[in-house]
Structure formats: structure tokens, C-alpha cells
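> sequence and predicted structure, then a few things I'm wondering about:
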Amino acid sequence: MAEQEQPPRPSAPRPEVGRSATPEDVAGRGSEPMVGGVSVNGRRPHDPLIHGDAVIPSGPLITSAVSGGGALARRGSRVRLGDRIFRGLSTGAGLVISALVVLIGVFLVLKAWPALRADKASFLFSRDWSTDTGVLKFGIVDLLWGTLAVSVIAMILATPISLGIALFITQYSPKRLAQPVAYIVDLLAAIPSIVYGIWGFTILAPRLEPVQRALYHLGFIPFFKDHNVASGTIFEGGIVLAVMILPIMTAISRDVFARTPRHTIEAAWALGATRWEVIRLAVLPYGRPGVISGAMLGLGRALGETVAMYLILSKPATGAPFTSSIFNGAETFASKVANNAAEFESPTSAGAYIAAGLVLFILTFLVNAAARAIVNRRKEFS
């Protein structure tokens, strides 16, 4: 009788790539890929395979893929010449700007230091300002008050208006109307400061006199006490300055509100929220850091305004008593320097005004640094 043919013995199934070794693999394992005499599982060729080891098949496909990946890695490690040039230019631009700010600060300190040493009054707490005689006596109390008062009034008026405009453009206005309104607001930033100054002095100031007289009834509040200054008051300067800083604050708030995640807004709508509730619960919390940083950048802009304040604000009489009323004249740091530019012929007297400019430089730098810190708190706005 012919010998029956034995059926072929079934071979062990080929292990899947990337799975852990099973007891069956341990019993019938084949060859493992070797790297430097050590398998991928970290053992020598004759070490037993343990349950849980990674099973990776070997072959020409795997070998070529590994060798090709190394070539790609080596090729990607090379930096192209254009990338190197662009990186160098970008780094150089950043270093130049940083160095410029530092050099300006060093210049102001060096030029102001001789005048500060010769000052016979308290620079930080005195109201005197006399630089045209042999004895220097100057302080910044009046200038600091005038600068802060005008800027605070501008911020009180501009912040809610810019917030309302930004919400209207992004949440309420139809698309065909939002773009023209945003464009008109942005155009305000292109108007020169001297135009704002002339407009405030010739057009706005006469029309604000009835408003000032009406606010005289609040004279029991020191800020609204009547000082009978018809025009050129801190109140008028603050209103003009509010119009000037409105574009930058509106632009930043509008951009932040427009980037509110859509899924957040849709979730509020799905919960049955009204439009105002969507704005209050989704849009405003998301955009709060951007609104605050925009307001602080507007404040930095207000602190350094020169030409408009030079034309609008009336100069107080020499020796006049200090008053906190916003219906009185005042000088800011910038307008003080502009009003007395003729005294810069003497290095000593010029140093007093440079010292005032140094204080303004520090104030502006601190405000902008605070704004940047607030922006960096949220990655969405960095």
C-alpha cells in the first residue's frame, strides 16, 4: 500500500507589527532584528523571549525604511542658506530695536543727570519750575498731575465707546455694514495730531462751555470746582485725546472679539442664551485680556501726545495755587517741553526738560510693558 502523503505542518502565524509577544510567540519565535548584536527587545540572540516583548519582523523593507529615514534626517538637519539669511536678518532687527530703546534711555539719563544734581528743589515733589536763572529749581508735580488727569479722562470716555463699537462690528452689525464702519474708525488714526489740536481749539472748545457750566453745579466735588477758565481746560483736552486713542483701542478689541472660538458661541446658543448672554458669557470673558491690553496701549498713546495738548491746554499762571479741578488749565510733560523749546540753548536748562522727558519715557515704558504682560497671559493673543 502506497504510503499516504502527510499534510504539511501548519506554520506559526506571523506576528503583527508593533504588538507585544504572546506565549505562543515565545514558543515558536523566529529571528529578531539585530542592532549591534542586540535585538530590538534589548537581549542577545540566544536570550529567551519573554511575554510582553515587542515583536517586529525583519526584512529588506524594514531595513530600507530605516536607512532611508536616516538619510532624510541627515538631509533635514541641513539649514538652507536662505533660512540662515532670514534668521540673521530677523534676529538683527530685534536686536536693533532693543538696542535703540536702551540707547534712548541712556541718552536721557546722561543728559538729565547734571541738571538733576544742580536742582535746588525736590524733583519729584516740588511745584516750582525755574530754569532761566543761575539757580535751577524744578519739580514735576504739576506736570505729572496734568498728564495723568488728561489721560484718565480720555480713558474713561474712550474705553466704553471703543468696546461698544467693537461689539457692534463683530456681533450685531451685518457683514455689508461692518467693514465700512471698521474702515471709518481706522481712518481716525490717520488724522495728524495738529488737525485734532486745531479742531479741539477752534470748534470743540466753544461748544463745550455750556457743558462745563452745567458741571459747575457739582462743585462740591473737587474735580468739578469752578475756576472760570473758558477754554483750554483739562476737560477739553481729555475729550480730544479720547477721540485720538479711540481707533487703536477699537481695533484691538474688535480683533480679539472676532477670534472668539465658534464652538464656544454655538454652545451658548445651544443652551438657549440670548445674544447679550452670549456676549456676556462667551465673548467678553475670552476677549478680556485683549480689551485690557488695548486700553493700556491707548493710555501709553495718551501719555505722550504733544502737539494736540500744546494747542488745546492753557498754561496756568506762574505761582498759581494747586487745584485738582478738571476745569483748570494745565501742562503735560510733552506740552511743557514743546512750550519751552526756546530754552534749549543752555545745556543746563535743557537738562531739566530732558529730565521731564525721562519721567515720561519711564511712564510710557511701564504702561506698554504692562500691556505686553497682559497679552502674554493668554496664548491666543501672543
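That came through fine.
> so where's this protein uncertain?
1-79, 133, 228, 377-382 (pLDDT under 70).
> how about residue 194: what's its closest non-neighbour residue?
Distances taken as Cβ to Cβ, 6 or more residues apart in numbering put residue 307 closest to residue 194, at 5.0 Å, once the chain neighbours are dropped. All C-beta spots, glycine's among them, are computed from the backbone N, C-alpha and C.
> OK, contacts around the one you found?
For residue 307, the contact set (Cβ atoms under 8 Å, 6 or more residues apart in numbering) comprises 192, 193, 194, 197, 338.
> possible to save these as a markdown table with distance to residue 239, neighbour count and secondary structure?
Output for the contacts of residue 307, formatted as a markdown table (distance: Cβ to Cβ, whole Å; neighbours: other Cβ atoms under 10 Å; DSSP: H, G, I helix; E, B strand; the rest coil):
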| residue | distance to residue 239 | neighbour count | secondary structure |
| --- | --- | --- | --- |
| 192 | 18 | 10 | coil |
| 193 | 15 | 16 | helix |
| 194 | 17 | 13 | helix |
| 197 | 13 | 22 | helix |
| 338 | 20 | 16 | helix |
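> from those residues, pick the one nearest residue 287.
Relative to residue 287, the closest of those is residue 193; by Cβ to Cβ it sits at 28.8 Å.
> measure the nearest residue to the closest one once chain neighbours are set aside to residue 104 for me?
Spatial nearest neighbour of residue 193, excluding adjacent residues (Cβ to Cβ, 6+ apart): residue 307 at 4.2 Å. Relative to residue 104, residue 307 is positioned 20 Å away (Cβ to Cβ, to the nearest Å).
> same thing with residue 288?
For residue 288 relative to residue 104 (Cβ to Cβ), the value is 32 Å.
> ok, residue 177 next?
43 Å.
> in this protein, which spans are strands?
34-35, 38-39, 129-130, 137-138 (DSSP state E).
> now do the helices in the stretch 201-350 of the chain.
205-215, 234-258, 262-270, 275-278, 284-303, 307-312, 333-339, 347-376 (DSSP state H, counting those that start in this stretch).
> and if you look at the stretch 51-200 of the chain?
60-77, 81-118, 141-167, 175-187, 193-199.
> can I get those helices in CSV including distance to residue 241?
CSV is the format used below for the helices of the stretch 51-200 of the chain (distance: least, Cβ to Cβ, whole Å):
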stretch, distance to residue 241
helix 60-77, 54
helix 81-118, 24
helix 141-167, 4
helix 175-187, 16
helix 193-199, 8
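> which one, of those helices, ends up nearest to residue 249?
helix 141-167 (3.9 Å).
> buried sites along that closest one?
141-147, 149-151, 153-155, 157-159, 162-163, 165-167 (16 or more other Cβ atoms under 10 Å).
> and stretch 116-130, by the same measure?
116, 119, 121, 123, 126, 127, 128, 129.
> nearest to residue 347, of those?
Once Cβ to Cβ is applied, the member of the buried residues of stretch 116-130 that ends up nearest residue 347 is residue 116, at 13.2 Å.
> skipping its backbone neighbours, what lies nearest that closest one in space?
Per Cβ to Cβ, 6+ apart, closest to residue 116 is residue 355, 5.6 Å.
> how about residue 141: what's its closest non-neighbour residue?
residue 127 (5.0 Å).
> wait, that neighbour touches residue 137, no?
No: judged on Cβ atoms under 8 Å, residue 127 makes no contact with residue 137 at a distance of 10.1 Å.
> and residue 312, how far from residue 212?
From residue 312 over to residue 212 the distance is 14 Å, taken as Cβ to Cβ.
> what about those two, which has more around it?
Applying other Cβ atoms under 10 Å to residue 312 and residue 212 shows that residue 312 carries more neighbours, namely 29 against 21.
> just checking, the more buried one touches residue 201?
Yes: if you go by Cβ under 8 Å, residue 312 and residue 201 touch, sitting 5.4 Å apart.
> shared neighbours of the two, anything?
In contact with both residue 312 and residue 201: residue 232, using Cβ under 8 Å, 6+ apart.
> so can I have JSON lines of the contacts of residue 307 showing distance to residue 92?
JSON lines is the format used below for the contacts of residue 307 (distance: Cβ to Cβ, whole Å):
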{"residue": "192", "distance to residue 92": "32"}
{"residue": "193", "distance to residue 92": "32"}
{"residue": "194", "distance to residue 92": "35"}
{"residue": "197", "distance to residue 92": "38"}
{"residue": "338", "distance to residue 92": "34"}
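> which one of those sits closest to residue 327?
residue 197 (19.4 Å).
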